[in-house]
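1. Provided below are the primary sequence and the corresponding predicted coordinates.
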Amino acid sequence: MEQDRRSDSALWLEATSGTEAAFGVVYDRYRSRIFRRAYAQVLNTADAEDIVAVVFLEAWRRRKSVRFVDGSLLPWLLIVTTNVSLNTRRSIRRYDRLLASVPRGPQTVDPSREVEERIDGARMSERTRAALARLTAPERRVVDLCLIEGIPLADAAAALDMPLGSVKSRLSRARTKLRDGLGDAPWPDSAGAPASGDLEVLG
Amino acid sequence: MTEPEMRPERAEAIRSMLVEHVRTEPAVRARRRRNRIIGWGGLGVLAIGVGATAGAVLLQPAQVTDDRWVQCLSEPTRNSDGTFPGSAAMISEGSGLPDDPIEICKIMWESGALDPDFDATSVTNPPGKVPDHLQLCVMDDGAAAVVPSSNESICAALGLADPAE
């Protein structure tokens, strides 16, 4: 499929001025990224798909207050993904009727689970999950953006509408908590180098 | 490494639901209704037209006070029901879009969204052509309206205010 070269902000302009197809292009552009972020938190395909739907419904509901970073909607969408994932049930309740129109499908064995043991970079171990669970929601948003997604600090600050210094201090507190939670073994549990350069920030 | 992915059929179902929701969401319909009301109101005043007082109020130059919306007109006329042909563009904070309403409407024209053959449900519309002349007017709710016309009196002709210096 040909890549649509229009910027997110141009697409958003079109979508909010009555061109619903432009909203579909934004969805196509980011649904996979949002899904993976959601899946990493809920470890269930159908639930993560619901979260994707809710993230885009929220984006539309809050379309007057979305924030672009260098013309990109992704950092803001990732923040919404974290918020929705942290409170899935309440977030989904608002859109019960709409979600009912997209049935979850048969409950089959999740094939992703079969390879769980082999995926240690993008997936989080129980230990890591427990360490993350100790973070406050604001800390979690910064960790998700900066450490997991690798969004630059300045971009994260813009997306969160916070001063850069506040993002740094929040990240520092989160690092300390994560270090305490993970002990000597950094991220992930297994020995060896971190799977991503982003994780070096933890050290 | 295998990344988890959405199931294609559900991804498509969610896409359809979202696009339909955006198309029919009550707030959007309310906005369209509001535009109709504004349009009818303007038409009524135009019909009275000769009323000097109403005319004076209408034609008074005005500041753009609502920068959240820009009405990009596709023609220098009103519809038969008094509404404006074209699209109301919503401006999100930090979007990186220009502050100038005319520049915003140029983007809309370039996208083809203001062309008569534009299909709002298609992602493959051809690019459009920006008119040679675009003029800034001010709607009675303080939003900017950008009209494709070289006529310097077009704002008054449409029952809109000229922008204040």
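-> It's in.
2. per-domain residue ranges of chain A.
-> As given by automatic domain parsing, the domain ranges for chain A are A:1-114, A:122-203.
3. And the ones you listed, which one averages the lowest pLDDT?
-> The weakest mean pLDDT among these belongs to domain A:122-203, with a mean of 75.
4. can you give me how far it is from the chain middle?
-> 13 Å (CA atoms, centre = their mean, to the nearest Å).
5. again, but for stretch A:53-70
-> The answer for stretch A:53-70 is 13 Å, by CA atoms, centre = their mean.
6. Going along the chain, name the helices of chain B.
-> Along chain B, counting by DSSP state H, helices occupy B:8-24, B:26-48, B:52-59, B:101-111, B:154-157.
7. what's the shortest one in contact with?
-> Read that as helix B:154-157. For helix B:154-157, the external contacting residues (CB atoms under 8 Å, 6 or more residues apart in numbering or on different chains) are B:58-59, B:76, B:135, B:137-138, B:145, B:147, B:151, B:161-163. From N, CA and C alone the C-beta is placed, and that goes for glycine too.
8. rerun at 10 Å
-> B:46, B:55, B:58-59, B:61-62, B:73, B:76-78, B:133, B:135-139, B:145, B:147-149, B:151, B:160-163 (CB atoms under 10 Å, 6 or more residues apart in numbering or on different chains).
9. Of these, keep whichever come out buried.
-> B:46, B:55, B:58, B:62, B:73, B:76, B:78, B:135-139, B:145, B:147-149, B:160-163 (16 or more other CB atoms under 10 Å in any protein chain shown).
10. Please list the members of these that lie in strands.
-> Residues of the buried ones among the contacts of helix B:154-157 located in strands (DSSP state E): B:73, B:135-138, B:145, B:147.
11. out of those residues, what pair is the most spread apart?
-> B:73 and B:138 (12.9 Å; CB to CB).
12. between these two, what contacts are shared?
-> Common contacts of residue B:73 and residue B:138 (CB under 10 Å, 6+ apart): B:145, B:160.
13. Can you tell me how far residue A:15 is from chain B?
-> 6 Å (CB to the nearest CB, to the nearest Å).
14. Any idea how many residues pack against that residue?
-> 25 (other CB atoms under 10 Å in any protein chain shown).
15. Ok, residue B:126 next?
-> 10.
16. Not counting its neighbours along the chain, what's nearest it?
-> residue B:112 (5.8 Å; CB to CB, 6 or more residues apart in numbering or on different chains).
17. Just confirm the one you found contacts residue B:127, I think it does.
-> Yes: with contact defined as CB atoms under 10 Å, residue B:112 counts as touching residue B:127 (5.4 Å).
18. These two: which is more packed in?
-> Neighbours were counted for residue B:112 and for residue B:127 using other CB under 10 Å; residue B:112 has more, 18 against 10.
19. Please tell me how far the more buried one sits from residue B:144.
-> 21 Å (CB to CB, to the nearest Å).
20. so who does residue A:19 touch?
-> Residue A:19 touches A:11, A:13, A:25, B:22-23, B:87, B:108, B:111-113, B:118-123, B:125, counting by CB under 10 Å, 6+ apart.
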